[in-house]
Each structure stands twice: as C-alpha cells, then as structure tokens.
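Q: Predicted coordinates and the sequence they were generated for:
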Amino acid sequence: MADAAIHAPGAGARGARPNLEGGLDPRAGLIFLLLLAGAVLFVAYSLYADVSTTDVRTTTFLPYLLLFVALLIALGFEFVNGFHDTANAVATVIYTHSLPAQLAVLWSGSFNFLGVLLSSGAVAFGIISLLPVELILQVGSAAGFAMVFALLIAAIIWNVGTWYLGLPASSSHTLIGSIIGVGVANALARGQNGTSGVDWSQATAVGKALLFSPVVGFIASALLLLAMKVVIRRPELYQAPETSDPPALWIRSLLVFTCTAVSFAHGSNDGQKGMGLIMLILIGTVPTTYALNHAVTARQSQDFIAVSHQAADTVGKYVEASAVVGDPRDDVTEYIRTKEFKPNTMLALRVLINDIGTEMAQFKELAAVPRTQVRNFRNDMYLVSEAIRLMQKSGKPALNAADTAVLKNYKGHIDKATRFIPLWVKVAVALALGLGTMIGWKRIVVTVGEKIGKNHLTYAQGAAAEITAMATIGAADGLGLPVSTTHVLSSGVAGTMLANSSGLQMSTVRNLLLAWVLTLPAAMTLSALLFYAFRTLFKG
C-alpha cells in the first residue's frame, strides 16, 4: 500500500494554495529596516571616504554625476535581478507551506545577501572579459559610459517586461545578450566587421553554460525525484499539502535547507555580474582610487617586481628573431581583439611586461603610482593578463610546463593588483539583490508554483528541484561561469512534474521557451540601439 502511495501519479495533487498576502511581523520588519539603514549608511560613507581622500583635481561635478547615475543603474539591474530570479528559490517552500510567504522571502533575501558578500569574484571578471577591449581600456570615455549604460538599461527593460508578464526569463541570459549587442554595435561604429566586437570563444563558453543549465535542471531533477522514490520510502514526502499546515519537521527542514542553499548560491553567482560592471564604472570615474588595489603591500609589490623579470625572460624565449614591434600596447590590444597570434605578439608582450616591472620598481608599491599614470599602468596590466589568458587557452605559442607555471604565477600577481572588489561594493549589490527578492517576488512565484505543472507541487518535487539548482549554481560559481537560477529551477520543476506524471501546462512551457529563445536577440537589439543613442548623446 505504501509503494502504491509513493508511485501514484499526482497523489494529493490538488493541494492547498498558500496565502501570498500575509504581512510580516512588525518586530521583524523593524529589525530589517534597521539593518537596511545600517547597510545604506555603510555604503554611502565608504564611497564618500574613498572619493574624498583621493587626490582628484576636477573643476566640474560631471564625473560625480555620471558616477551616481551609473551606480544607480547598475544597482537597479541587481534589484530587478533579485525579484526576477530569486523568486524561484522561495516558490517551493511557499507552495509546500514550509514557510509563510513573507518569512520565506525575507529568509531568501538574507541568504542572497550573504551569498554576495562571500562570493569569489570569478564570475564578475568573467563577465568583463566579454566586453570590447578598446571600451574597457577607455571606460571613462563617452563610449565607455555609453557601453555601461546601454547594456544595463537594456537588461533592465527586458527583465522588467518579462517579470510583468510573469515569465521566469533569465537575467544572466539577458545580460550576456546586452553585452554582445554592445560589442557588435561598437565594432560596426568603428568600421569593423560586427563579429569582431565580441570575444566569441568566451561568449560561447558562457552561452553553453546558459544553454545546458536548464537541460541539466530538467533531467537531473527528474532523475533525483525517481531515485528518491526508490531510496526514501516515506509516502508523505510524495504528496501535495492538503491543508495550509506546515509539513512534518524533517520534510520542512529539507525544503528550508534547499531554499537557503539556492538563495545563497544565487547571491554568490548572480550578484557578481553587477559587481564587475560597478568596478568598471568606478575605474572610469575615480581611477586613482579604484584602478589599482591599494591593499597590495610594499613587500608584495617587491615580489611582483621579481616575478615580472622572471615572466619577461620566459616570454623572451618565444620571441622570433624576425619580430618587429611598433606600439606594444596597440599590438597586444589587437591580439586580444582579434585572437590572431602573430610573430610580433610575444615581442610586444615582453616589452609591456618589462615596462610594468620597471615602473613598479620606480614606484615601490601600487599605492605610490602617480595619479596621472594610474589609468595607463592599470591598462597595461589588464592587457598583459588578458593576453596570457588567451595564449594559455589557445595553446599558441606552445609553452612547456615550467614556462606555463611562471606565466600563471605572474598573471596571479597582476590579477591581485587589478581584480579586486571593495567590501562596500559587495554590500551595495547584496542590498539591491536582497531588496529585489523581498519586493517583487510574487509574479514569478505564482508562475513556478501554479502554472508549470497541472497539479500542485509535492514536497519531494520541491526538494528535488531545489537540490538540483543548488548543485548546478554552486558548480558554475566554482568554475567562474554565470548560469540562470530561473532556467535551472523552473526547468527542474517541469522535470519533476514529468517524472511524477503530474502533467505540464503546455501554454506556460511554450511561453517559457519563447522567452528563452527571444531573450538573446531582444537584449542584443535593445543594447545596440541604446549604445548608438548614448554614444551620440555623450558626444553632443
């Protein structure tokens, strides 16, 4: 009899719809407001302290106005990301009555916050590497700001539109499309082939992660549910809630744990996308403070000088006798843009590495780099780091194991000096993401909880979908790849519905697939048009 209950399709499927309108306890609300105020004050004070202590001579407030607007837009993207993506994490605990809706949202938002704070930063700089190299090097120019504004506003427009329709579209997918659109538009504006404006190898790697993550979510969730039915012989786990009462403690604990893990994983992965763009904004407007990591000590700077000499000697082994270099910056930039390795590439790279090491020996430490040289010094470091990355990835030239280790060590020193995220940036992004989760969750929650399957979500289905999402997002974070929480979890729910023979609402599935197919071209088109508009506006 127990076996029959476990395997019966749609057992208890009708279920009890949760109350999505309940309010939060006033005491919890007060604590939340106090924490919110503290976080806002910390961010504002940290930014003020950084800017006010920087030796910046300016006769206009325009840079600060651009900084404020750009930060507002970047945080707006993370805010929309929060209520668009993270609502998926709470749908299962809400529709299984494991947590009241308002408490679930507050709980998820809090762990989103923690996920952002403890994130590695790998995804943040992986996103930046997709941008056109010439715009990264001139991020403080009109074209640089046009790039940042265009890709963020395009992503916000599409995300808000799909959220309004209750469609769980991917914020990651949207942002990648926006970046590609800006890259193509920038290349065309410079008289180049549109395909030359994007790092297609990196975009392909990211695209594969976004493409396969929903497939993984669908299949893995379905298989996990079937495995649970074989291993865990508890009929109550495979039933939908028939009343608004919470489930047994062990079931409730499992679902709350998976919700917590998905929220944390989402914060650690999705939150980084905004961080990388905010760092570009800060480098463009306040380079003296944010272009180089002043936390690198004098002793570490001396280590960097020694490693630079070692790296220059290593690169020198692969310089061809016939190689001739003009401007080393231009040659390395061209290599990064085109991915075409030429005989002069290694010579140009060696010159840049020698220049960086020589200048570092003069300055003694990063904090002592003169204000007028900060931007160029950082740009040289960025070019060298990207060139080494591409060489290691392409295998051209073919380096032996010892030389590969030397360049890897050198790149690590460069990245430590240039790829850093201040604590206040993490707090600001975490705040935006967490607030978004708490404010705009309802539309997507209803879609995931009620409109994917024909029957009510069971406890086991919720757990299987959440565990799969947790594992997939966590693995992607470790690999430095952005994936979509929305795609993984919503496809996971669909997979469990199919495995449980609960039935799928094909109209919703079609809409989800349509949003998935249209997101990339729509975001590309929006960002390209906005880039042209903003570039014209800023020039004027």
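A: Right, received. Where do you want to start?
Q: which secondary structure element contains the residue lying closest to Q138 once chain neighbours are set aside?
A: Once flanking residues are discounted, Q138 sits nearest to G144: 5.2 Å by CB to CB, 6 or more residues apart in numbering. From N, CA and C alone the C-beta is placed, and that goes for glycine too. G144 is part of helix 142-164, with elements assigned from DSSP states H and E.
Q: need the next SSE after that helix, C-terminal direction.
A: helix 171-189.
Q: what's the angle between that next one and helix 142-164?
A: Here helix 171-189 points in a direction 140 degrees away from that of helix 142-164 (axes from the mean of the first three to the mean of the last three CA atoms, to 10 degrees).
Q: what helices or strands is helix 171-189 leaning on?
A: Helix 171-189 is packed against helix 62-85, helix 133-137, helix 142-164, helix 200-231, helix 249-285, helix 506-539, with contacts defined by 3 or more CB pairs under 8 Å, 6 or more residues apart in numbering; DSSP states H and E.
Q: In TSV: those helices, plus distance to L41.
A: Putting those into TSV (distance: least, CB to CB, whole Å) gives the following:
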stretch	distance to L41
helix 62-85	16
helix 133-137	32
helix 142-164	25
helix 200-231	36
helix 249-285	19
helix 506-539	32
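Q: In a markdown table, list those along with mean pLDDT and distance to L489.
A: Shown next, in a markdown table, are the helices and strands packed on helix 171-189 (pLDDT from 0 to 100; distance: least, CB to CB, whole Å):
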| stretch | mean pLDDT | distance to L489 |
| --- | --- | --- |
| helix 62-85 | 80 | 9 |
| helix 133-137 | 79 | 33 |
| helix 142-164 | 87 | 15 |
| helix 200-231 | 79 | 7 |
| helix 249-285 | 82 | 7 |
| helix 506-539 | 84 | 12 |
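Q: Let me have those helices in TSV, extended by distance to V296 and mean neighbour count.
A: Putting the helices and strands packed on helix 171-189 into TSV (distance: least, CB to CB, whole Å; neighbours: other CB atoms under 10 Å) gives the following:
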stretch	distance to V296	mean neighbour count
helix 62-85	24	21
helix 133-137	21	21
helix 142-164	25	23
helix 200-231	27	18
helix 249-285	16	24
helix 506-539	33	18
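Q: Ok, which of these comes nearest E365?
A: helix 249-285 (19.1 Å; CB to CB).
Q: Counting by contacts, list what the helix or strand just after the closest one packs against.
A: Next helix or strand after helix 249-285 toward the C-terminus (DSSP H and E): helix 287-290. Applying 3+ CB pairs under 8 Å, 6+ apart, one finds that helix 287-290 contacts helix 26-52, helix 249-285, helix 374-394.
Q: Nearest to N354, out of those helices?
A: Taking those one by one with CB to CB, helix 374-394 is closest: 10.6 Å.
Q: List every C-alpha atom in the closest one, with coordinates, as CSV.
A: Output of helix 374-394 as CSV, limited to C-alpha atoms (Å, rounded to 0.1, in the frame of the first residue of the first chain):
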residue,chain,number,x,y,z
VAL,A,374,47.3,55.1,-12.8
ARG,A,375,45.0,54.5,-15.7
ASN,A,376,47.7,53.7,-18.2
PHE,A,377,49.5,51.5,-15.6
ARG,A,378,46.4,49.5,-15.0
ASN,A,379,45.5,49.2,-18.7
ASP,A,380,49.0,47.7,-19.3
MET,A,381,48.4,45.2,-16.6
TYR,A,382,45.0,44.3,-18.0
LEU,A,383,46.3,43.8,-21.5
VAL,A,384,49.1,41.5,-20.2
SER,A,385,46.7,39.5,-18.1
GLU,A,386,44.2,39.0,-21.0
ALA,A,387,47.0,38.2,-23.5
ILE,A,388,48.4,35.5,-21.2
ARG,A,389,44.9,34.1,-20.6
LEU,A,390,44.3,33.8,-24.4
MET,A,391,47.7,32.3,-25.0
GLN,A,392,47.1,29.6,-22.4
LYS,A,393,43.6,29.0,-23.7
SER,A,394,44.7,28.7,-27.4
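Q: Any idea which of the helices and strands packed on helix 171-189 gets closest to H487?
A: Judging these by CB to CB, what sits closest to H487 is helix 200-231, at 3.8 Å.
Q: re earlier: kindly reformat the helices and strands packed on helix 287-290 as TSV containing distance to T297.
A: Converted to TSV, these look like this (distance: least, CB to CB, whole Å):
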stretch	distance to T297
helix 26-52	19
helix 249-285	21
helix 374-394	17
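Q: Of the ones you listed, which is nearest V493?
A: Taking CB to CB, helix 249-285 is the member of the helices and strands packed on helix 287-290 nearest to V493, at 12.2 Å.
Q: what angle separates the closest one from helix 374-394?
A: Using the same axes, to 10 degrees: helix 249-285 against helix 374-394 is 130 degrees.
Q: Would you map the helices across the stretch 301-450 of the chain?
A: Using DSSP state H, counting those that start in this stretch, the helices of the stretch 301-450 of the chain run over 328-338, 343-363, 374-394, 401-418, 423-439, 442-446.
Q: unless I'm mixing things up, the residue nearest to Q138 is touching L135, no?
A: Yes - judged on CB atoms under 8 Å, G144 makes contact with L135 at a distance of 5.4 Å.
Q: Would you mind measuring from the closest residue to T519 other than its chain neighbours to T162?
A: Residue nearest to T519 in three dimensions, not counting chain neighbours: H173, with 4.7 Å by CB to CB, 6+ apart. Distance from H173 to T162, counting by CB to CB, to the nearest Å: 10 Å.
Q: Check the contact lists of the two and give me the overlap.
A: T519 (CB atoms under 8 Å, 6 or more residues apart in numbering).
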